[in-house]
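[1] Provided below for reference: sequence and predicted model.
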Amino acid sequence: MTKDLVILAEDLMKVYQMGQVEVNALAGVSLSIERGEVVAIMGPSGSGKSTLMNILGCLDLPTSGRYVLDGEVVETLNDDQLANIRNRKVGFIFQSFNLLSRTTALANVELPLRYAGKIPDRRERARAALESVGLGDRISHRPTELSGGQQQRVAIARALINNPAIIMADEPTGNLDSKVGKEILDLLLALNRDKGTTLIIVTHDPVIATQTQRIIRLRDGLVEEKK
Amino acid sequence: MNIGQSMLEALETLNGNKLRSGLTILGIVIGVGAVIAMLAIGQGAQNTITGAISGIGTNLLFVSSGNQVQDVRNPKPLTLSDAQAITDPFAAPDVLAVAPIIQGSGDVTADGQTMRVSVTGTTPVYFVMQNYSLIEGDFLTQDNLQGNASAVVIGPGVADKLFSRRNGVVGETIRINGQPFHIVGLLQSKGGGMFGSQDNQVIVPFTTAQTRLIHRSVLNEVDELYVQAASARAVPFATDEVKQILRQRHRTPVGVDDFSVFSQADFLTIATTVTGVFTIFLGGIAGISLLVGGIGIMNIMLVSVTERTREIGLRKALGARKRDILIQFLIESSMLSLIGGVIGILLGWFLGFIVGRIAAASGNPFNPAISLNAILLATLFSAAVGLFFGIYPANRAASLEPVEALRYE
Ligand SMILES: Nc1ncnc2c1ncn2[C@@H]1O[C@H](COP(=O)(O)OP(=O)(O)OP(=O)(O)O)[C@@H](O)[C@H]1O
Ligand SMILES: [Mg+2]
C-alpha cells in the first residue's frame, strides 16, 4: 500500500514572538495528503489555518517540524530552491485575489511563467489558461475593470499556468457572494477532476467543505481528532 | 527573467507615475547636464589656450627677468646688451635670432576716436618670429629702428575701432599718448591669445618706444627677449646656451638664476596642467549636483519599494527569486538615471553651445568641446549612479519575506 503522498507534515510548529509573549500559531500539526485529493481546512478564526497554508505553500518556514512537499524536504532547501518550488509545484489563490493592478489579466497570468525560465509560448499558454477559466474575452482587461469573481478566475488561471501539483486556496470565496463563490469552487473541482490536481481549500463555509473529500479541522494550532 | 522584457516592464512602471519619475529624472538631467557643460567649457578653454600657445611657433624661447620658482636677491634686469650677447653665433650657435621686447599700454587716438591698447616696442625680426602676416603695408624695418622713426604697425582691432575699416589705413596718422605716428602696416587678425587679444595692439620700433613711450629705470632695459632657436630640435641646446650666457653676464651664484627661460613646450605643459585642474574643478562642482540627483533616485526608489511591498510579496509567492526582484528594481533605478543621462547630455551640449555663442558674440571666440569621452563618461557615470543608489532600495525589496510582504497594508 504505497500511497502517493504530495504532502507529508510532521509535528509542524510555528511560534511568533510578540514582545514577551510567545504565540503558538501552530502547536504541532501532522498531516498527509495524497495526490489528487481534495481537502478542506476548517477551524475558528485564529486557529492557524493561514499560518499552516503559508507553510505548506512554502511562503513561510515552520519554527520546527518536518515537511516534505512532492518529494522535496523543504527545510533543506535554500531561498532559490524555495522560489522554484513556489513557482512550479504550488499554485496559490488568495482571499483578496492579489493581482497586479497596473497590468492586464493576460500579463498577470503570464507572471509565474516569467519566473520559470525560458518558456517560448508564454502568451499562448496564458491565453489558453484564461480561456479555460471562461475569461477568453477579457484578456486585456485590467483587474480594476473586472468583477470580484472574474478577478478570482484570473487568479485561478495564474495558479494553474505552471501545471502545479497542488493548488492551495486560502478562503478563495471569502470576498465573493455565495453564487459566485460556488462557480469558483466548481472551477477548482473541475481542475481536480480533469487534471488530477491536488486541492487544499481553507474555508469557513460548511457547504463548500461538504463538497471536498476530507476535512481537516484546526483548533488552537492543533489538528482536531477525526470523528 | 528576460532583460528586454524587464526593461519594458520597468518603463511601464515608471510611466505609471509620470510626475514622480519625471522629477527624479530631472535631478539627473541637471546633474549630467552640468557635468557635460562644465567639462565642455573646460576642454574648450584648454583647446583655445593651447591653440594660442601652439600658434606662437615651436622653436621660440621666452626669456624674462626674475625667477618664478625661488627668491633671488637683487635680480638684474635684462638689457639690450644681453640680447646682443645672445646673438653671438659662437657663444650661442643654436640661436637664430633674438628680439628684445618692451611692453606697456597707451591711448591711441585718430579721427576723434580713442582706444586703450597694448604698445610693444621691438625689432623687425619679431614679426618673423611671431609669424605675423599683413593685410596691407609693411612690417617695421631696420631703418625705422635705427632712425628712431615714428612708424607704427597696428592690429586689425585698432583699425576697426579707429577707422571702422581694414583697408587704406596705411599712411594715416594716429596719436599714441598724444604723439603722432604714421601707420606703415596693418596686421592680419590672429584672434585671442593667452595674454588678451593680439588684435588690439600697436607695434613700434624698440628705440622709439624706449625713448618716447615706455620708460624704464635702467638704461636699455628690456622686459622680455624672444629667442628663436635654429630648429624645434635645437630648442634644448639654445635654452642651455642662453642660460649660460646670461649666468655669466649677470654673475649669478650657482643654481640661482635671476632670469627665466621658457619654451613653448613649457608653456603648453603649464597651460595644460592649469586648465586640466580648472576642468576637474568645474566638473567636480557639477558632479555634486549629479550626486544630489542620485540621492533623489535612492529616495524615490525607497518610497516605491515601500509602496509596492505587497506586489513584491506576491511576486515572491509566484516564484520570483531574490535576484529577480533585485534586478527588477535595479533596472528601474538605472532606467531613471540613464534616461536622465541621455537628456542631460543633450542639455549639456546645448548649454555648451550657448556659452560658445555668448563667447563669440563678446569677441572671444571659444568652442566648448564635447568629447566622446565626456559623453561616455557621463553615460557610464549616470548608469553607475542609478545602480549605486538603487542597490540599497532594491536589496531591501529583494530580502522581504513573502508572507510578511503579502500581509503588508
Ligand atoms: N505575523 C504574526 N505575528 C504574530 N502573530 C501572528 C502572526 N501571524 C499570525 N499570528 C497569530 O497566529 C494565530 C493564527 O493566525 P492565522 O492567521 O493562521 O489564523 P486563521 O486561522 O487563518 O484565522 P482566520 O480564519 O481569521 O483567517 C493567530 O493567533 C494570530 O494572531
Ligand atoms: Mg486566515
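    Perfect, I can see it now. Source: prediction; values computed, not measured. Ligands and ions are numbered 1, 2, ... in the order given.
[2] please name the nearest non-neighbouring residue to residue B:119.
    In space, and not counting its chain neighbours, residue B:119 is closest to residue B:106: 4.6 Å by Cβ to Cβ, 6 or more residues apart in numbering or on different chains. Glycine gets a C-beta too; all of them are placed from N, C-alpha and C.
[3] okay, the one you found and residue A:17: tell me how far apart.
    91 Å (Cβ to Cβ, to the nearest Å).
[4] wait, isn't residue B:252 in contact with residue B:244?
    No: under the criterion of Cβ atoms under 8 Å, residue B:252 is not in contact with residue B:244, lying 11.2 Å apart.
[5] by contact count, what packs against the helix or strand hosting residue A:13?
    Using DSSP states H and E, residue A:13 sits in strand A:5-18. Where contact means 3 or more Cβ pairs under 8 Å, 6 or more residues apart in numbering or on different chains; DSSP states H and E, strand A:5-18 is packed against strand A:21-34, helix A:49-56, strand A:64-69, strand A:198-202.
[6] between residue B:106 and residue A:17, which is the more surrounded one?
    Each of residue B:106 and residue A:17 has its neighbours counted (other Cβ atoms under 10 Å in any protein chain shown); residue B:106 has more, 20 against 9.
[7] show the pLDDT at residue B:193.
    Note for residue B:193: predicted pLDDT of 50.
[8] so residue 174: helix, strand or coil?
    No chain was given, so I picked chain A. Recorded secondary structure, residue A:174: coil (DSSP: H, G, I helix; E, B strand; the rest coil).
[9] oops, I was thinking of chain B
    Secondary structure, three-state DSSP: residue B:174 is strand.
[10] give me the domain ranges for chain B.
    With domains defined by automatic domain parsing, chain B comprises B:3-53+B:269-407, B:76-257.
[11] please report the distance of the most centrally placed residue in chain B from residue B:51.
    For chain B, the residue sitting closest to the mean C-alpha position, by Cα atoms, centre = their mean, is residue B:45 at 2.3 Å. Distance from residue B:45 to residue B:51, counting by Cβ to Cβ: 10 Å.
[12] repeat that for residue B:156.
    For residue B:156, the distance to residue B:51 - Cβ to Cβ - is 19 Å.
[13] neighbour count: those two, which is higher?
    Each of residue B:156 and residue B:51 has its neighbours counted (other Cβ under 10 Å); residue B:156 has more, 19 against 15.
[14] touching, the more buried one and residue B:198? I think so.
    No: using Cβ under 8 Å, residue B:156 is not in contact with residue B:198, being 9.6 Å away.
[15] residue B:165: neighbour count?
    Neighbours of residue B:165 under the rule other Cβ under 10 Å: 10.
[16] swap in residue B:306?
    Residues near residue B:306, counting by other Cβ under 10 Å: 13.
[17] tell me the residues of chain A that contact chain B?
    Proximity of chain A to chain B is confined to A:54, A:57, A:59-60, A:79-80, A:83-84, A:86-88, A:92, A:94, A:98, A:100, A:102-103, A:111-112, A:114-116, A:118, A:158, A:162 under the rule Cβ under 8 Å from any Cβ of the partner chain.
[18] just those: which are in strands?
    residue A:92 (DSSP state E).
[19] out of the residues of chain A next to chain B, which end up buried?
    Buried members of the residues of chain A next to chain B, scored by 16 or more other Cβ atoms under 10 Å in any protein chain shown, are A:54, A:57, A:59-60, A:83-84, A:86-88, A:92, A:94, A:98, A:100, A:102-103, A:111-112, A:114-116, A:158, A:162.
[20] can you add distance to ligand 1 and give the domains of chain B back as CSV?
    Converted to CSV, those look like this (distance: least, Cβ to the nearest ligand atom, whole Å):
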stretch, distance to ligand 1
domain B:3-53+B:269-407, 7
domain B:76-257, 73
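[21] can I get the ones you listed in a markdown table with distance to residue A:199?
    Below are these laid out as a markdown table (distance: least, Cβ to Cβ, whole Å):
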| stretch | distance to residue A:199 |
| --- | --- |
| domain B:3-53+B:269-407 | 18 |
| domain B:76-257 | 85 |
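[22] wait, which of those is closest to residue A:45?
    Ranking the domains of chain B by proximity to residue A:45 (Cβ to Cβ) places domain B:3-53+B:269-407 first, at 15.4 Å.
[23] so is the closest one next to chain A?
    Yes: Domain B:3-53+B:269-407 lies within reach of chain A by Cβ under 8 Å from any Cβ, at B:5, B:12-13, B:16, B:310-311, B:314-324, B:401-403, B:406.
[24] got the angle between the strand holding residue A:13 and strand A:198-202?
    30 degrees (axes from the mean of the first three to the mean of the last three Cα atoms, to 10 degrees).
[25] just the residues contacting strand A:5-18, thanks.
    A:22-35, A:37, A:48, A:51-52, A:55-56, A:60, A:62-70, A:165-166, A:198, A:200, A:221 (Cβ atoms under 8 Å, 6 or more residues apart in numbering or on different chains).
[26] again, only using 6 Å
    The contact list for strand A:5-18 (Cβ atoms under 6 Å, 6 or more residues apart in numbering or on different chains) reads A:22-26, A:28-35, A:51, A:62-68, A:70, A:165-166, A:198.
[27] right, I'll leave it there.
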